[in-house]
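Asks: this one's structure only:
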C-alpha cells in the first residue's frame, strides 16, 4: 500500500470516528431532554379517520404484534347526559349519627364495646358507678315508705270515721266530731295521691333516665353483679366510630363516650364551582366515583346547597345523599362527583387503558393498516366507569390500541432518534 493510500485510509477513519461521536452526543442529548420534558414534540397527526400521513407512523409486523400481545378496540360514541364535575369527600350522615354521652356523673367500671363493632339498639356499651344512683334509690325507698304510711293512715282514718258514725247515731258524739273524722279520711286519700306521684317520679327517673331497675334487678346486657351499675346504651343500631372512654374514666353528665353511625347511609360534601351553581338544585342525580373502585360509580341525590362560598376556592358546598347498603364506601374517602343535568349529548369514548403519556402529552396509538400504527395527540374530557371522553385526535370507528402499547412507544422513540 502506497503512502498516499495510507493517508487516505487514515482520513476516512478519522471522519467515521467524528460521525460516530456526533451520533452518540445527539442521542445522549435527546435522552437528557426527554427526561426534562424538553424533547422535540411528537410528530403531528391528523384527526381524520384512516389518515396515513407518514409523520408519526410506526410499523410493526404481525409477529412483533403477537409478541407484544397487542389488544385493540373500536372507538365508539354513546349518548351521555351533560354533567357538572366537582371534587368532594364522603362523610357520615349526621342524621344517622349519634354521640352517646353519660347519663350521670360517675366512674366507668366496664367497657363492653370497641371501635368497629356493629351494635344493636339498646345494647349496653359500658357500665358506670354513680352516687346519683344511691341518692335516687334512697329517694325511691323514702317515697315507697311514704306511700305505705299514707295507705295505713287512710285505713285507720276510715275505721275512726266508721266508729264516729255509729257513735253519732246514738248521740255519743257531736256532728262536728263525726265530720272531722270523715275529713281525716279525705286528707289521707290526698296524701296517698301525693305519695304515689312522688314514687312514680323516682321510679321513672331510675328506669327511663338512669336505666336501672328500682327493685335492684340486673338490666339486660349487664355483665356485672352490681344492680346499681348505670349502663351506657346504644340509642340506635350502627357501627362504633369512636370510643372515648376506658375502664376507670370519670365522666360528667352529657360527656361523650361513644360515636355511633349508621353507615348504610352516607353524605358526600362536594365543592361546586361558582360558575356552575345556576344549574345545581336539590333532587339532582349524582354519580360518585372513588379511587378504591375505579370501575364503578355510585348513585346519589343532591340534598342541600350551602349558603356561602369558600373565599379561597370560590366553590359552594353541596350535600349529597349516598346510599351504602353494601358498606363498600367509607367516611373520609375522596370522591369525584358528576351531577347530571337534563340535557344529553353524543360523545366519543375509549378505554382509559388506551391513553399513554409521551413527553407530557396524552396520546393513543391508532391502527391505520395491517402493520401500520399512528400516534395521535388527544384532547380528552370526563372519565366515567373506566371510559374516557375524547374530544379530538380520534374518529369514531378507528381501531385504538388498549394493550401492549409499550412496543409501539419503543418504535416511536427509535423513529424520533433517526429523524434527528
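Replies: Yep, that arrived. Please read these numbers as outputs of a predicted model, since none were measured by experiment.

Asks: Quick check: closest non-adjacent residue to residue 154.
Replies: Of all residues not flanking residue 154 in the chain, residue 188 sits nearest, at 3.7 Å (Cβ to Cβ, 6 or more residues apart in numbering). C-beta: built from backbone N, CA, C; applies to glycine.

Asks: Pull out the buried positions in the strand or helix carrying the one you found.
Replies: Mapping residue 188 onto the secondary structure by DSSP states H and E places it in helix 175-204. By 16 or more other Cβ atoms under 10 Å, the buried positions in helix 175-204 come out as 178, 181-182, 184-185, 188, 191-192, 195-196, 198-199, 202-203.

Asks: Now do the residue nearest to residue 154 against residue 143, distance only.
Replies: In this structure, residue 188 lies at 17 Å from residue 143, with Cβ to Cβ, to the nearest Å as the measure.

Asks: Residue 103 versus the residue nearest to residue 154, what's the distance?
Replies: Between residue 188 and residue 103 the distance is 37 Å, computed by Cβ to Cβ.

Asks: I'd like the buried residues of helix 175-204 laid out as JSON lines, including pLDDT.
Replies: As requested, the buried residues of helix 175-204 are exported to JSON lines (pLDDT from 0 to 100):
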{"residue": "178", "pLDDT": "82"}
{"residue": "181", "pLDDT": "83"}
{"residue": "182", "pLDDT": "85"}
{"residue": "184", "pLDDT": "85"}
{"residue": "185", "pLDDT": "84"}
{"residue": "188", "pLDDT": "87"}
{"residue": "191", "pLDDT": "86"}
{"residue": "192", "pLDDT": "87"}
{"residue": "195", "pLDDT": "84"}
{"residue": "196", "pLDDT": "87"}
{"residue": "198", "pLDDT": "85"}
{"residue": "199", "pLDDT": "81"}
{"residue": "202", "pLDDT": "81"}
{"residue": "203", "pLDDT": "81"}
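
Asks: who does the helix or strand harbouring residue 341 pair up with?
Replies: For residue 341, the host element (DSSP H and E) is strand 334-351. The strands beside strand 334-351 in its sheet (DSSP bridges) come out as strand 76-92 (antiparallel), strand 285-290 (antiparallel), strand 387-392 (antiparallel).

Asks: Quote the end-to-end distance of stretch 259-271.
Replies: Terminal residues of stretch 259-271 lie 26 Å apart, using Cα to Cα, to the nearest Å.

Asks: quick revisit: tell me the helices and strands packed up against the next helix or strand after the strand holding residue 341.
Replies: Note on strand 334-351: by DSSP H and E, the next helix or strand toward the C-terminus is strand 356-358. Identification of packing neighbours for strand 356-358 by 3 or more Cβ pairs under 8 Å, 6 or more residues apart in numbering; DSSP states H and E yields strand 361-367, helix 405-419.

Asks: distance of residue 200 from residue 152?
Replies: Using Cβ to Cβ, one gets 19 Å for the distance from residue 200 to residue 152.

Asks: same check, this time on residue 215
Replies: When distance is defined by Cβ to Cβ, residue 215 is 21 Å away from residue 152.

Asks: Enumerate every residue touching residue 169.
Replies: Applying Cβ atoms under 8 Å, 6 or more residues apart in numbering, one finds that residue 169 lies in contact with no residue.

Asks: got the phi/psi numbers for it?
Replies: Backbone dihedrals for residue 169, given as degrees, to the nearest 10, come out at phi -70, psi -30.

Asks: Give me the pLDDT for it.
Replies: We note a pLDDT of 85 for residue 169 in this prediction.

Asks: residues contacting residue 195?
Replies: With contact taken as Cβ under 8 Å, 6+ apart, residue 195 is in contact with 143, 146-147, 149-150.

Asks: got the angle for the host helix or strand of residue 402 vs strand 361-367?
Replies: Element membership for residue 402 (DSSP H and E) is strand 399-403. Here strand 399-403 runs at 110 degrees with respect to strand 361-367, directions being taken by axes from the mean of the first three to the mean of the last three Cα atoms, to 10 degrees.

Asks: Each with direction, which strands does strand 399-403 pair with?
Replies: Sheet pairing for strand 399-403, assigned by DSSP bridges, gives strand 71-74 (antiparallel), strand 361-367 (antiparallel).

Asks: How far off centre is that strand?
Replies: A distance of 35 Å separates the C-alpha centroid of strand 399-403 from that of its chain, computed with Cα atoms, centre = their mean, to the nearest Å.

Asks: Equivalent analysis for stretch 79-95, please.
Replies: Averaging C-alpha coordinates over stretch 79-95 and over its chain gives two centres that are 11 Å apart (Cα atoms, centre = their mean).

Asks: Also stretch 108-118?
Replies: Between the centre of stretch 108-118 and the centre of its chain there are 23 Å (Cα atoms, centre = their mean).

Asks: And it, what's buried?
Replies: Residues of stretch 108-118 classed as buried: 108-113, 117 (neighbour count, 16+ other Cβ under 10 Å).

Asks: Please apply the same query to stretch 307-323.
Replies: By neighbour count on 16+ other Cβ under 10 Å, the buried set for stretch 307-323 is 309, 315-322.

Asks: tell me how far the ends of it are from each other?
Replies: Between the opening and closing residues of stretch 307-323 lies a distance of 24 Å (Cα to Cα).

Asks: Can you give me the domain assignment for the protein?
Replies: For the chain, whose domains are defined here by automatic domain parsing, the residue ranges read 1-39, 40-80+346-419, 131-209.

Asks: among those, which is nearest residue 277?
Replies: When the domains of the chain are ranked by proximity to residue 277, the top entry is domain 40-80+346-419, at 19.1 Å, counting by Cβ to Cβ.

Asks: State the mean pLDDT of that closest one.
Replies: Domain 40-80+346-419 comes out with an average pLDDT of 78.

Asks: picking that back up, residue 251: which of the domains of the chain is closest?
Replies: With Cβ to Cβ as the criterion, residue 251 lies closest to domain 131-209 of these, at 11.6 Å.

Asks: Centre of the chain to the closest one, how far?
Replies: On the basis of Cα atoms, centre = their mean, the separation between the geometric centre of domain 131-209 and that of its chain is 61 Å.

Asks: same deal with stretch 356-372?
Replies: With Cα atoms, centre = their mean as the basis, the mean position of stretch 356-372 lies at 38 Å from the chain mean.

Asks: which of the strands paired with strand 399-403 sits most buried?
Replies: Each of these was given a mean neighbour count from mean count of other Cβ atoms under 10 Å, and the largest, a mean of 21, is that of strand 361-367.
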